[in-house]
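Engineer: when you get a sec, could you give me coordinates for this:
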Amino acid sequence: MMDTGYTVEWQGKTYQVRHGDAFDRGSADNYYGRPPRPHKGGVGGDSGERVAVLTEQETADYLAGYAYNEAMGDKKNYG
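Structural biologist: Residues are numbered from 1 along each chain as shown. As a prediction, this is how the structure comes out:
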């Protein structure tokens with residue numbers, strides 16, 4: 001199965017989001033209540049191994065994903 005991803009419009013920029021990319025991992029970390037620690041990959045499928053050394057653009061994408069999910073208020077309910 002090929003992950004075609006989805007599009008997110010956030011703060012004047014369009015993100016083509018795929019499972020495991022920096023934006024996706026930022027939004028997932030926020031969803032699960034984890035602190036921001038920029039990375040990508042490491043979540044199975046075609047995401048590849050976890051990578052913690054990112055380019056400047058990937059770091060910006062991660063932080064945008066984190067901020068996007070915070071603004072949307074989508075949080076895991078552990079209760």
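
Engineer: for the rest of this, base every contact and every neighbour count on C-alpha atoms.
Structural biologist: Fine.

Engineer: three-state assignment of the residue nearest the centre of the chain?
Structural biologist: If you average the C-alpha coordinates of the chain and look for the closest C-alpha using C-alpha atoms, centre = their mean, you land on residue 24, 2.2 Å from that point. Assigned with DSSP: H, G, I helix; E, B strand; the rest coil, residue 24 falls in the helix class.

Engineer: isn't it right up against residue 8?
Structural biologist: No - the pair residue 24 / residue 8 is not scored as a contact, 10.4 Å apart, by C-alpha atoms under 8 Å.

Engineer: quick revisit: just the pLDDT for the residue nearest to the centre of the chain.
Structural biologist: The per-residue pLDDT reported for residue 24 equals 97.

Engineer: contacting residues around it?
Structural biologist: With contacts defined as C-alpha atoms under 8 Å, 6 or more residues apart in numbering, the neighbours of residue 24 are 17, 18, 40, 62, 65.

Engineer: closest to residue 30 out of these?
Structural biologist: Comparing the contacts of residue 24 against residue 30 with C-alpha to C-alpha picks out residue 65 as the nearest, at 8.3 Å.

Engineer: what about the closest one, how many neighbours?
Structural biologist: A count of nearby residues for residue 65, using other C-alpha atoms under 10 Å, gives 26.

Engineer: residue 74 against residue 29, yeah?
Structural biologist: No - using C-alpha under 8 Å, residue 74 is not in contact with residue 29; the gap is 11.1 Å.
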